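In: Okay, sequence plus prediction incoming.
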Amino acid sequence: MTTRARGLGSILAVLLGLLLALAVAAPAAALERVRGVVHVHSDITTGDFSLEGLVGLADRQGIGALLLAENYRLRVEYGLPPFRALTRVTREERSLDGRIAEYLARVAAAQARLPHVLLIPGVEVIPHYHWTGSLAARDLTVHDTQKNLLVFGLTEPAALRALPVVGNPAAGVYGWQSLLDALPVLLVIPGVVLLLRRRAVRQRLGRGAVVIVHRRAWLAGSVLCVVGIAAAIRGWPFVNDRHPTSHPAGLAPYQELIDGVERAGGAAVWSFPEAADRGEQYVGPVRVTWVTEPYADDLLRTFRYSAYGAVYEDTTRFEQPGGGWDRLLGEYARGERTRPAWALAESGFHGASAGKQIGPLQTVFLVREKSAAGVLEALRQGRMYAVQRTRDLGFDVGEFTATAGGASAGVGETLRAPAGTPIELRIAVEASDGRSHDVRVAVIGNGRLRVLQRGATPLSVVHREVSDGTPLVLRVDARGAQQRVLTNPIFVRP
């Protein structure tokens with residue numbers, strides 16, 4: 001190597017070192033808190049309020065973002081074999097079925113008029129349901145109509161129309177059932193022949209007189225044509241669900257939806273995983289029951305979704321220390337998953353019935369910019385925490401950072417700490433009214449309670465330990481009388 005080349009190499013090395021030093025020393029861009037409500041319905045589907053009305057409710061409670069989850073296809077069908085399409089009976093409620101472009105346009109127009117509250121369009125989907133029971137016994141049960149996922153971040157109508165969910169013709173496939181559904185359409189051919197062909201009929205007139213009359217088979221021909229046309233209308237486009245509703249399909253439909261959303265650049269969120277739903281209704285003499293059992297364990301058997309509803313108006317256990325969420329986070333920390341599942345607060349707001357409000361369940365997003373893109377980026381990266389509060393009082397996280405060897409990480413981030421490195425965790429919990437309120441702060445590490453400190457807001461907690469070189473998952477669960485804050489974790493890796 002020449003002297004000149006060595007000199008250039010030294011200069012480049014110095015410049016690179018300076019750039020690296022600046023990158024390490026430069027403070028991270030300040031993050032802005034955006035209070036969001038996840039899973040909100042408007043009058044576009046099953047909600048009571050218009051988009052403008054929802055913005056007014058949010059504005060009065062200091063909410064900066066509404067993540068809408070309008071019903072994608074709220075429809076249940078049952079058909080008798082072998083001609084399921086022709087014998088199909090349908091029950092549906094108001095949903096976006098066929099109105100995707102209209103929905104996105106209405107949200108965009110409302111956002112343009114009312115830009116101070118972010119309106120983020122999303123959908124609530126039923127990936128699959130299945131039937132049990134017997135029509136002969138006049139007793140049918142439909143399962144898993146409330147085993148749903150929320151989809152956010154897809155703003156192109158074509159991407160939303162193509163979601164692989166039950167009952168969506170755009171995602172259907174052709175098979176033997178398609179042939180069976182199309183077969184009755186052929187009845188139109190003999191029906192038309194009967195209507196067009198005049199056949200000779202002997203008709204007796206009085207005593208001994210017989211005349212020949214040419215008649216068409218109006219009744220038989222009309223019946224055949226009506227059945228054939230009905231089969232064409234009810235069966236078109238003669239596609240079937242990838243996973244038939246006549247029997248259970250396991251988790252395949254749910255994983256296919258999650259993967260489809262990921263490929264399209266969106267975020268999938270498991271909805272109310274520990275909520276049960278039961279009911280029954282008579283349809284004529286037939287008792288139809290609907291059942292959805294809690295399905296939190298399915299979160300451990302599916303992958304690559306972005307988040308799940310961890311805090312809502314029900315008793316939950318999945319996020320408790322050592323529970324399913326800690327198992328899932330541990331799998332990610334050990335490299336057994338490609339991504340963690342983040343926790344958020346889920347509202348499921350439809351209207352003000354039974355005293356329900358839009359504000360008690362909030363997800364606070366830590367965004368780089370206050371925009372729909374900024375909120376969705378924070379959701380995917382886990383820069384958020386779940387809040388349960390009253391109308392007058394809630395808790396907030398003023399600080400949640402881990403520091404080791406001069407580096408630091410915040411919620412949703414990863415800190416590198418070789419074995420033997422001291423780690424300092426700092427937590428600050430504040431009250432929304434700035435006053436003193438009793439609070440209990442629990443620090444959970446790898447599923448075990450590391451620290452439990454009681455005090456009054458504003459409360460600061462400092463926890464120190466030394467890295468032993470194994471992955472560490474640290475998160476915080478703070479509670480008051482009717483308040484709760486559940487943070488997403490900070491990961492510590494060697």
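Out: On my side now, so go ahead.
In: Straight-line length of stretch 306-322, end to end?
Out: By Cα to Cα, to the nearest Å, the extent of stretch 306-322 from end to end equals 21 Å.
In: quick check: mean pLDDT across that stretch?
Out: Model confidence over stretch 306-322, given as mean pLDDT, is 95.
In: Buried residues in it, which are they?
Out: By neighbour count on 16 or more other Cβ atoms under 10 Å, the buried set for stretch 306-322 is 306-312, 316, 318-319, 321. In this view, the C-beta of every residue, glycine as well, is placed from N, C-alpha and C.
In: what's the answer for stretch 158-172, then?
Out: Buried residues in stretch 158-172 (16+ other Cβ under 10 Å): 159-161, 163-168, 171-172.
In: Now do that stretch, average pLDDT.
Out: Averaged across stretch 158-172, pLDDT comes to 92.
In: cool, and stretch 107-119?
Out: Averaging pLDDT along stretch 107-119 yields 97.
In: Using PDB, list the CA coordinates for it.
Out: Output of stretch 107-119 as PDB, limited to C-alpha atoms (Å, rounded to 0.1, in the frame of the first residue of the first chain):
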ATOM      1  CA  VAL A 107     -62.900   9.200   6.500                       C
ATOM      2  CA  ALA A 108     -60.600  11.300   4.300                       C
ATOM      3  CA  ALA A 109     -63.200  14.000   3.900                       C
ATOM      4  CA  ALA A 110     -63.900  14.100   7.600                       C
ATOM      5  CA  GLN A 111     -60.200  14.300   8.400                       C
ATOM      6  CA  ALA A 112     -59.800  17.200   6.000                       C
ATOM      7  CA  ARG A 113     -62.600  19.100   7.800                       C
ATOM      8  CA  LEU A 114     -61.400  18.200  11.300                       C
ATOM      9  CA  PRO A 115     -57.700  17.800  11.200                       C
ATOM     10  CA  HIS A 116     -57.000  18.200  14.900                       C
ATOM     11  CA  VAL A 117     -58.100  14.700  15.800                       C
ATOM     12  CA  LEU A 118     -56.500  11.900  13.700                       C
ATOM     13  CA  LEU A 119     -59.000   9.500  12.100                       C
END
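In: Pull the residues that contact that stretch.
Out: Contact with stretch 107-119 is made by 34, 36, 51-52, 55, 58-59, 63-66, 68, 121, 370-372, 375, as judged by Cβ atoms under 8 Å, 6 or more residues apart in numbering.
In: starting at the chain centroid, how far to it?
Out: Centroid separation for stretch 107-119 versus its chain: 22 Å, with Cα atoms, centre = their mean, to the nearest Å.
In: What mean pLDDT does stretch 228-239 get?
Out: Mean pLDDT, stretch 228-239: 89.
In: Now do the helices in the stretch 251-400 of the chain.
Out: Ranges of helices in the stretch 251-400 of the chain, per DSSP state H, counting those that start in this stretch, are 252-263, 324-333, 372-381.
In: would you turn the ones you listed into a markdown table with distance to Ala108 and mean neighbour count?
Out: Below are the helices of the stretch 251-400 of the chain laid out as a markdown table (distance: least, Cβ to Cβ, whole Å; neighbours: other Cβ atoms under 10 Å):
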| stretch | distance to Ala108 | mean neighbour count |
| --- | --- | --- |
| helix 252-263 | 21 | 19 |
| helix 324-333 | 35 | 20 |
| helix 372-381 | 10 | 21 |
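In: This completes my enquiry, with thanks.
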